[in-house]
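> dropping the sequence and predicted coords here.
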Amino acid sequence: MWGYFAVGTVAVLGTILWLLRRYAAPSVPYIVLAATAYAWYVSLSIVLITPMDVAATLMTQPERGVSVLWQITYWSTQVLTWVALPFFQVYSDAGDFTVGGKCLTSLKENGLLYGLAGAAGAVGLIIILMVEKTLRLTDLPALGMALSNTFALSVGIILMGYGLVELPRELWKSDPNHLLKWCAHRAGRYAEEVIKTTNELESVVTIIVANDKQMPRRDPLRPYMQIISKAADDDSPVKPSAVVAAGYDMDSMGADDLEYNYDKAGLAALRRRLAAAIHEFKGAHAQYEDVIRQALDHEAVLKCRQLGVYEPPGLQATDSGFVATVKHIWWKYRCLVQPVAAKVFAVFLVFMTGCVIWSEATIFTGENPDLSPFSKLIKGAVGSVSAVQFLVLVPLAYICWCTYFALFRINAFNYNKLIPRTTTGAALMQNGSLMSRFAAPTCWNLLHMIHMDGQVTDAHGQTTTTVFTQNMGTMGVLPVLGQHLNTYLPLLLVVHCALIYFNMWERLAGACVGNKFKFSNDDVDDQYTEKGRILIRKEGEALANGMRIGEILAADDLELQLPGIKPKKRMKKKGSWFNFGRQQQDGAAAGSSDDAGSSSAAAGRSSERTPMLGGLFSGQRSEAAGESKGGALRSSLVKNKYSNSPPASSEGDTAAAASGLDGIFAEISTSNTQSRGTTGRRG
């Protein structure tokens, strides 16, 4: 029994190390890697402990070690999923400059979430106490545990139903033609993400460069600004020097881009936005490169199958005879055997899916009669501990696979997607938190499927219970949870799987909650697919010419060849609820770039919110003449690009006199118009 646990532990640890090496970004701290690894380990350890628990119960070989392991792993998952990982997830994502500041930000954000959840829970608890007169205060810990497991069990059944249908279907459709079409769709979608994230990162770096140049050297906030500037210079793929060389681009920015308070909190928000922009940029490029390589690989397979010549791509003349032989064998397997093997495995998974659905649907019958095929197989192998453990592990591993497969195919969870070599610490910890949340309830569901959730008759005819039942049985503190929900909720799995199989879920989810909570669908043929086919062809040609994947997305004529792939410029806000550098009612004017120190001091005394760049863009108005002096106070962000523009006309002066962004954009627009007019007259 313990030999099985030792082998399983080694396999789990090896898998965790491989996952971290493959997905974690190089910048992720070791403490975050350790926390994620521990979350994954305790979640998978519960899956290893369940077969040991079942075997020990049926063979009348009680193991105290199983109970100790269960207590450690179960409570570790609860602490990780509800307390530790959410705290450190926000902590690692915060932009504050000190440990205390990051802790405070994490406590605030998590406190808001748990405060709302706690208020709803308090209302529910009052209702429960009014309905269940026999419930005592000493039952509250067990009630909290029951509610937590009920939530995970309910959501887990929904996720498992999707995986039970889609896993076999995807394997059955895994021929190169279908996979190439799916890659084309993702290539078109990821190309838009690459361009979008590039624009966002350029905007953030532009804001950082503007603040860095305008902030006086003796400003109290200068050290924090230097930290942000250094991070942009060291970590950002879009370098500040490139932004300076290309000239500041204010046209691509809207009001939301520049809405930062001129204080430490505003700089922390800017630093956090920079880190998010860098991560999204790298993630989008990594996904795009990965899907292009997959598409080119599928094209090579199709070409070899059509020609009947199975020469592996990338075979070097320097490869030895053994290496060349291995490559030829692997490539022939890819072209000829793998599609057939996938269909055979899909048939096996269809059989497993049928057994799981049938076992879930017949939980309510109990052991009289026992209609679960898994239950009959396990209890028929009582004479062998290894056989019992194996027969428990196979269905448990399959339903865990289905659950986690569906979890990361929902569009709402793209933020915690595991992307090779670019996954941040926050995303890794979110992944570990979700795994911890669903591990124990999934095992509890399996015990219901094999009718071992209550009293069990062992090999000697005596009645006993599993360790899981002794601890998770506290769900019976509320009859509606322990006696009814666990028994009849799985019946909905049959309806849910039917909706998934006939693609009704997509229509219902789209009509009720929009596309955010729809599952990703690989059977698509839309504008993304058409654009993706063109991109795959162009990337293949570019690679043949020595270019890198993704370079064609920077081509000037890309919009002409693929209309709509580049996002439109954001509309400037008119009549915004705030104004950059707005003046107070008492007549206090916002400071210019030459007086940034007094500007920040005035901002601290002000009762109104002053954006970080407010002093850079504010225009001062002459009270006597009513004429604008804002042109003389423009920041270097505007001066650098429009310093050669002719003097503004009276209409332009009137437009620029408006305070805030509207005046700035009106001034820029006037300068552009006059510049084009001057160029036309010269022509």
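Sure thing, it's come through. Numbers count the residues shown, from 1 in each chain.

> alpha carbons only for contacts and neighbour counts from here, please
OK.

> off-centre distance for stretch 527-540?
Remark: stretch 527-540 is offset 25 Å from the chain centroid, using CA atoms, centre = their mean, to the nearest Å.

> please disregard the earlier target; I meant stretch 346-353.
Centroid separation for stretch 346-353 versus its chain: 30 Å, with CA atoms, centre = their mean.

> buried ones in it?
Of the residues in stretch 346-353, those buried by neighbour count under the rule 16 or more other CA atoms under 10 Å are 346-347, 349-350, 352-353.

> any weak-confidence spans in this protein?
Flagging of the chain using pLDDT under 70 yields the residue ranges 62, 133, 139, 248-261, 317, 410-416, 458-461, 472-484, 509-524, 556-683.

> where's Met504 relative to Tyr162, distance?
Met504 sits at a distance of 12 Å from Tyr162 (criterion: CA to CA, to the nearest Å).

> which one of those two has more residues nearby?
Just comparing Met504 and Tyr162: by other CA atoms under 10 Å the higher neighbour count belongs to Tyr162, 25 against 14.

> look up which helix or strand that one falls in, please.
For Tyr162, the enclosing helix or strand under DSSP states H and E is helix 140-172.

> coming back round to it: of the buried residues of stretch 346-353, which is the nearest to Thr81?
Thr353 (28.7 Å; CA to CA).

> tell me which residues touch that closest one, please.
Contacts of Thr353 were listed using CA atoms under 8 Å, 6 or more residues apart in numbering, and they are 164-165.

> ok, now Arg334?
When contacts are counted by CA under 8 Å, 6+ apart, Arg334 touches Val301.

> what separation do you get for it and Arg305?
Noted for Arg334: a distance of 10 Å to Arg305, by CA to CA.

> repeat that for Ile329.
Relative to Arg305, Ile329 is positioned 15 Å away (CA to CA).

> check which helices and strands the helix holding Tyr162 sits against.
Counting contacts by 3 or more CA pairs under 8 Å, 6 or more residues apart in numbering; DSSP states H and E, helix 140-172 packs against helix 338-361, helix 385-407, helix 425-449, helix 492-501.

> cutoff 6 Å now
In this structure, helix 140-172 packs against helix 338-361, helix 385-407, helix 425-449, with contacts taken as 3 or more CA pairs under 6 Å, 6 or more residues apart in numbering; DSSP states H and E.

> and the angle for it with helix 385-407?
80 degrees (axes from the mean of the first three to the mean of the last three CA atoms, to 10 degrees).

> nearest residue to His185 other than its sequence neighbours?
Closest residue to His185 in three dimensions, ignoring its sequence neighbours and counting by CA to CA, 6 or more residues apart in numbering: Thr529, at 3.8 Å.

> what residues of the helix or strand that neighbour falls within count as buried?
Using DSSP H and E, Thr529 sits in helix 527-544. Within helix 527-544, the residues that qualify as buried are 528-533, 535-536, 539-540, 542, counting by 16+ other CA under 10 Å.

> can you check stretch 137-149 too?
Buried residues in stretch 137-149, counting neighbours by 16+ other CA under 10 Å, are found at 142-143, 146-149.

> how distant is that stretch from the center of its chain?
When distances are taken as CA atoms, centre = their mean, stretch 137-149 is centred 30 Å away from the chain's centroid.

> make 24 the first number, not 1, from now on.
In the new numbering, first residue 24, that becomes stretch 160-172.

> keeping just the C-alphas, turn it into PDB.
Output for stretch 160-172, consisting of C-alpha atoms alone and laid out as PDB, is shown next (Å, rounded to 0.1, in the frame of the first residue of the first chain):
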ATOM      1  CA  LEU A 160     -23.300  26.900  17.400                       C
ATOM      2  CA  THR A 161     -20.900  24.000  17.800                       C
ATOM      3  CA  ASP A 162     -22.200  22.800  14.400                       C
ATOM      4  CA  LEU A 163     -21.100  25.900  12.600                       C
ATOM      5  CA  PRO A 164     -17.500  24.700  11.600                       C
ATOM      6  CA  ALA A 165     -19.100  21.500  10.200                       C
ATOM      7  CA  LEU A 166     -21.700  23.700   8.400                       C
ATOM      8  CA  GLY A 167     -19.000  25.900   6.900                       C
ATOM      9  CA  MET A 168     -17.100  22.800   5.700                       C
ATOM     10  CA  ALA A 169     -20.300  21.400   4.200                       C
ATOM     11  CA  LEU A 170     -21.200  24.600   2.300                       C
ATOM     12  CA  SER A 171     -17.700  24.800   0.900                       C
ATOM     13  CA  ASN A 172     -17.800  21.200  -0.300                       C
END
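
> longest helix of the chain?
Scanning the chain for the longest helix, with DSSP state H as the assignment, gives helix 287-330.

> name the residues that touch the following helix or strand past that helix?
Along the chain past helix 287-330, the next helix or strand (assigned with DSSP H and E) turns out to be helix 344-355. Contact partners of helix 344-355, identified using CA atoms under 6 Å, 6 or more residues apart in numbering, comprise Pro335.

> for Leu419, give its distance to Thr446.
Applying CA to CA, one obtains 28 Å for the distance of Leu419 from Thr446.

> in stretch 183-203, which residues are buried?
For stretch 183-203, the buried set under the neighbour-count rule, 16+ other CA under 10 Å, comprises 183-199, 201-203.

> residues near Ser99, how many?
17.

> that one and Ser343, how far apart?
Counting by CA to CA - Ser99 and Ser343 are separated by 50 Å.

> for Gly555, same thing?
Here the distance between Gly555 and Ser343 works out to 37 Å (CA to CA).

> export the buried residues of stretch 160-172 to JSON lines and tack on distance to Gln493?
JSON lines is the format used below for the buried residues of stretch 160-172 (distance: CA to CA, whole Å):
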{"residue": "Ala165", "distance to Gln493": "12"}
{"residue": "Leu166", "distance to Gln493": "15"}
{"residue": "Ala169", "distance to Gln493": "13"}
{"residue": "Leu170", "distance to Gln493": "17"}
{"residue": "Ser171", "distance to Gln493": "17"}
{"residue": "Asn172", "distance to Gln493": "15"}
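
> nearest to Glu223 among the residues you listed?
The shortest gap between Glu223 and any of those belongs to Ser171, at 38.7 Å (CA to CA).

> what is the nearest of the buried residues of helix 550-567 to Tyr285?
Comparing these against Tyr285 with CA to CA picks out Tyr551 as the nearest, at 41.4 Å.
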